[in-house]
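[1] got a sequence here, can you build the structure:
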Amino acid sequence: MEFLVEMTTRVPEGVTEDAVDDVRAREAAHSRELAEQGALLRLFRPPLQPGEWRTYGLFASEDDVQLEHVLASMPLRIWRSDSITPLVRHPNDPGPPNVSTIAGPEFLVTFTTAIPDGTPAQLVEDRNKQESERARQLAEQGHLERLWQLPGAGRALGLYRARNVDELRTILAALPLADWLQIDTVQLGVHPSDPPLVLHQTNC
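    The predicted model follows:
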């Protein structure tokens, strides 16, 4: 099972810079170990306000109990609070992606589907089939990296890559289900301890 964890760190007043640097160094080393074990899949930087310290982490775990054990083992947990969202693989999920050839940022995209009352069942079925085919095409092109179902009816989370936000908007506006979707997008920054980046450097 996979989980998206929003990790917010608040360093108490009076903690020295050297102490912070030490904990961050141990956090980076332990993140690498978790990545090698397959427990930590990705790390992302969300947009941050001045002085804010947040990270999104994608974790793999048997259940929430094992996940808590993993999170508690991370050095920064002494100053950190975690918000956990369980993820279920979406039928259109392309699976763990290969290295994308697209030079551009990643985006987390939240979809909420609201089908208008009275919509013919055949139209819904046709649109869903078209959506599945379009997801497959976007995965082949390197735009759709992962897709999960979120808690709550009609909600999904996608990890996309595009050359820029305008290209992503064009892609999302053209989805077969676009007329029935509320879409929220977060552009992600590169995290220095992101497992694909760190493990690639280790293997070079």
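[2] assign G189 to helix, strand or coil.
    strand (DSSP: H, G, I helix; E, B strand; the rest coil).
[3] grab the nearest non-local neighbour of it.
    R45 (3.5 Å; CB to CB, 6 or more residues apart in numbering). The C-beta positions use only the backbone N, C-alpha and C, and glycine is treated the same way.
[4] do a quick rundown of the helices in the protein.
    Under the criterion DSSP state H, the chain carries helices at the ranges 17-37, 64-72, 121-141, 165-173, 195-203.
[5] how about the ones you listed, which one is nearest A156?
    The closest of those to A156 is helix 121-141. By CB to CB, the value is 10.4 Å.
[6] what does stretch 33-47 contact?
    2, 6, 31, 54-61, 70, 73-74, 106, 108, 186-191, 193-196, 198-199 (CB atoms under 8 Å, 6 or more residues apart in numbering).
[7] actually, stretch 123-131.
    Under the contact criterion CB under 8 Å, 6+ apart, stretch 123-131 has outside partners 92, 115, 175-177, 180.
[8] contacting residues for the closest residue to L144 other than its chain neighbours?
    Using CB to CB, 6+ apart and skipping residues adjacent in sequence, the residue nearest L144 is L138, 3.9 Å away. Applying CB under 8 Å, 6+ apart to L138 gives the contacts 144, 160, 171.
[9] what is the burial count for the last one?
    So the one you mean is I171. Residues near I171, counting by other CB atoms under 10 Å, number 19.
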